[in-house]
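S.K.: Have a look at this prediction, sequence included:
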Amino acid sequence: MLAALRAVAPGRPLREGLDRILQANKGAIIVVGDGPDVLAICSGGFLLDAEFSPQRVSELTKMDGAIILAGDASRIARANVHLVPNPEV
């Protein structure tokens, strides 16, 4: 829980990316974590495996799908992903 709060604290790269998205009046589904449980619900999109930057993540919000970040938000793992969770949940 504290790690999540630290990641979005003012001055952090993820926070800057989120601020850019809000300033552009855009929205995004951003998933922090790219473990097997997350990848199991991903469909489509494309593999990026690029270093995270606020500019990159804000540009990716121009697409419709979700953005999947590494667990520590240091890399953009995938973009334009359709999330298909278990319908029984």
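M.R.: Yep, it's here.

S.K.: could you pull out the helices for this protein?
M.R.: For the chain, the helices defined by DSSP state H occupy 2-7, 13-23, 36-39, 54-60.

S.K.: So for residue 72, which of the ones you listed sits nearest?
M.R.: helix 2-7 (8.0 Å; Cβ to Cβ). The way it works is simple: take the backbone N, C-alpha and C, and place the C-beta from them, glycine included.

S.K.: And that closest one, what's buried?
M.R.: Within helix 2-7, the residues that count as buried by 16 or more other Cβ atoms under 10 Å are residue 7.

S.K.: returning to what we had before: let me have the helices of the chain in JSON lines, adding mean pLDDT and distance to residue 88 as columns.
M.R.: As requested, the helices of the chain are exported to JSON lines (pLDDT from 0 to 100; distance: least, Cβ to Cβ, whole Å):
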{"stretch": "helix 2-7", "mean pLDDT": "87", "distance to residue 88": "27"}
{"stretch": "helix 13-23", "mean pLDDT": "96", "distance to residue 88": "31"}
{"stretch": "helix 36-39", "mean pLDDT": "95", "distance to residue 88": "15"}
{"stretch": "helix 54-60", "mean pLDDT": "97", "distance to residue 88": "30"}
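
S.K.: Could you export stretch 42-51 as CSV, CA atoms only?
M.R.: C-alpha atoms of stretch 42-51 as CSV (Å, rounded to 0.1, in the frame of the first residue of the first chain):
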residue,chain,number,x,y,z
CYS,A,42,-4.6,-9.3,-21.4
SER,A,43,-5.8,-9.7,-25.0
GLY,A,44,-4.4,-8.0,-28.0
GLY,A,45,-2.3,-4.8,-27.8
PHE,A,46,1.4,-4.9,-28.4
LEU,A,47,4.5,-5.6,-26.4
LEU,A,48,6.6,-2.5,-25.8
ASP,A,49,9.1,-3.3,-23.0
ALA,A,50,10.3,0.3,-23.1
GLU,A,51,11.7,2.5,-20.3
